[in-house]
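Asker: when you get a sec, could you give me coordinates for this:
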Amino acid sequence: MGAVVHTGPFVLTRGEGAYVFDAEDNRYLDATAGLWFTNIGHGRTEVADAVAKQLSKLAHFSGFGDHAADVSIELAERLSAIAPVPGSKIFFTSGGSDAVETATKLARRYWHEVGQPEKTIMVGRSKAYHGMHVAGTSLAGIPANGEGYGELMPGVETINWDDAKSLLGLIERVGAERIAAFFCEPIIGAGGIYLPPEGYLDEVRGICRDHDILFVADEVVTGFGRIGGQEWFASSRFGLEPDMIVTAKGLTSGYVPMGAVFIAPRLAEPFFGGGVWWRHGYTYGSHAGAAAAAIANLDILERENLLERASALEGELAAAFSPLAELDTVSEVRTGLGAVTAVQLADAAQAPAAVAGLRRAGVVTRAAGQGALQISPSFVMTPEQVEDMARRFGGALEQL
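Answerer: Numbers count the residues shown, from 1 in each chain. As a prediction, the model looks like this:
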């Protein structure tokens, strides 16, 4: 399997299963599933056919007011059926950043409608990533992403990513009566791929429940099987019962842009029961073609038992990549939860060279956070491909 490193853009032209190919038809193992999203693998013509069929009937029509496409309703009902909180409503967006923006606005509007308009503060964590819109950039715990913009959104606080007591400290400092919502990635993704400390998720969920703070699970990365445990969502695996879940990526496996917010009945009630008009939405939020792609994607995940395969990847990745921690160039390997692993470089400044070396070795990956090489493969990656990928990682890192 040959590979080259381009001095200009790295141009990809096609994909098959766990592989992608460049303009010279060199083949690479895709370590990142595009960007956490190609759960069903590349080149699934079933999804393309479903989209083409839908576009030939009705590409899209506005979902505002009482308008709805039949395929979008079908998808909403299907998602509600697998929601960690029974009876959840589904609000469609164009992607993950839109979903985060939607959740922040809905959180503040909810408290306004139930007579507590002073609850406006949003809480994020250090290292966290919540997309690149105004709300997500403000909530993220990655200072570099917010540099040069000034204060994008007021009323945002950041706490330590791994210390539940820091949430209690914030509550004591500003008062629970002012805090609207806490945003939490079950596994921190773009901020460096950090797994939650033992008991952390359960503890912060309990704190939010005890102090009447909305708990928003950001499952843009972990949703639709990547968390393992044969669960659709981390919220199910850890029994979080979130007030909202923001999703995207694995919803369509990236074949068409789409996101969704899962809204628990508690939050939906003022808008459905009280007749409140929430003036919020996106032109392409319930896009009919995207809905068709999502349904085809869910069909493949279920028919091919890919949630089980993702659960197997959890152990396979840990077994294959943990030994790399012995390399001088590696300080840590974070693995063992879901189809996600990080190889942390001892010197973060070596990340560009490591990514380039891996590309020469026939693996496409990227660096997240401070020098963490990302491994989040498609669920169709075989055990043999996992071992092959780990060998290529080891060889490339030894040459740094």
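Asker: CA only for contacts and neighbour counts going forward, please
Answerer: OK.
Asker: next secondary structure after the lowest-mean-pLDDT helix or strand in the chain?
Answerer: Averaged element by element with mean pLDDT, DSSP states H and E, the chain has its least confident helix or strand at helix 265-273 (a mean of 94). For helix 265-273, the succeeding helix or strand toward the C-terminus, using DSSP states H and E, is helix 288-303.
Asker: tell me the helices and strands packed up against that next one.
Answerer: helix 45-57, helix 70-82 (3 or more C-alpha pairs under 8 Å, 6 or more residues apart in numbering; DSSP states H and E).
Asker: could you identify which of the ones you listed is most buried?
Answerer: With neighbours taken as mean count of other C-alpha atoms under 10 Å, the helices and strands packed on helix 288-303 reach their highest mean count in helix 70-82, at a mean of 17.
Asker: what angle do the helix or strand following it and helix 265-273 make?
Answerer: Following helix 70-82 in sequence order, the next helix or strand is strand 89-93 (DSSP H and E). Calculated by axes from the mean of the first three to the mean of the last three C-alpha atoms, to 10 degrees, strand 89-93 forms an angle of 80 degrees with helix 265-273.
Asker: can you give me the buried ones in the helix or strand just after strand 89-93?
Answerer: Next helix or strand after strand 89-93 toward the C-terminus (DSSP H and E): helix 96-113. By neighbour count on 16 or more other C-alpha atoms under 10 Å, the buried set for helix 96-113 is 96-104, 106-111.
Asker: also stretch 312-320?
Answerer: Residues Ala312, Leu313, Glu314, Gly315, Glu316, Leu317, Ala318, Ala320 are the ones in stretch 312-320 that count as buried (16+ other C-alpha under 10 Å).
Asker: specify which member of those is nearest to Pro9.
Answerer: Checking the buried residues of stretch 312-320 against Pro9 by C-alpha to C-alpha gives Leu317 as the nearest, at 29.4 Å.
Asker: my guess is that closest one contacts Ala339. True?
Answerer: Yes. Using C-alpha atoms under 8 Å, Leu317 is in contact with Ala339, at 7.3 Å.
Asker: where do the helices sit along the stretch 201-350 of the chain?
Answerer: 234-237, 265-273, 288-303, 306-321 (DSSP state H, counting those that start in this stretch).
Asker: out of the ones you listed, which is the most enclosed?
Answerer: Ranked by mean neighbour count under mean count of other C-alpha under 10 Å, these are led by helix 288-303, which reaches a mean of 23.
Asker: that older thread, pLDDT and distance to Val156 added to the buried residues of stretch 312-320, as TSV?
Answerer: Formatted as TSV, those follow (pLDDT from 0 to 100; distance: C-alpha to C-alpha, whole Å):
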residue	pLDDT	distance to Val156
Ala312	98	38
Leu313	98	36
Glu314	98	34
Gly315	98	37
Glu316	98	39
Leu317	98	36
Ala318	98	36
Ala320	98	40
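Asker: of those, which is the nearest to Ala135?
Answerer: Closest to Ala135, out of all of the buried residues of stretch 312-320 and judged by C-alpha to C-alpha, is Glu314, at 31.7 Å.
Asker: residues in contact with that closest one?
Answerer: For Glu314, the contact set (C-alpha atoms under 8 Å, 6 or more residues apart in numbering) comprises Gly228, Thr335, Gly336, Leu337, Gly338, Ala339, Val340.
Asker: confirm for me that the fifth one is in contact with Ile227.
Answerer: Yes. Counting by C-alpha under 8 Å, a contact exists between Gly338 and Ile227, whose distance comes to 4.1 Å.
Asker: now for these two: what residues contact both?
Answerer: With C-alpha under 8 Å, 6+ apart as the test, Gly338 and Ile227 both reach Ala310, Ser311.
Asker: wait, Thr252 sits on Ile300?
Answerer: No. In this structure Thr252 lies outside contact range of Ile300 using C-alpha under 8 Å: 10.6 Å.
Asker: with adjacent residues omitted, what lies nearest to Asn297?
Answerer: The shortest distance from Asn297 to any non-neighbouring residue, by C-alpha to C-alpha, 6 or more residues apart in numbering, is to Thr252 (5.7 Å).
Asker: residue contacts, the one you found?
Answerer: Phe37, Met258, Ala290, Ala293, Ala294, Ile295, Asn297, Leu298.
Asker: could you redo the last one with a cut-off of 6 Å?
Answerer: Ala293, Ala294, Asn297 (C-alpha atoms under 6 Å, 6 or more residues apart in numbering).
Asker: in a strand, Ile171, correct?
Answerer: No. Applying DSSP: H, G, I helix; E, B strand; the rest coil, one finds Ile171 to be helix, outside a strand.
Asker: count of residues packed around it?
Answerer: 18 (other C-alpha atoms under 10 Å).
Asker: that one and Met122, how far apart?
Answerer: 12 Å (C-alpha to C-alpha, to the nearest Å).
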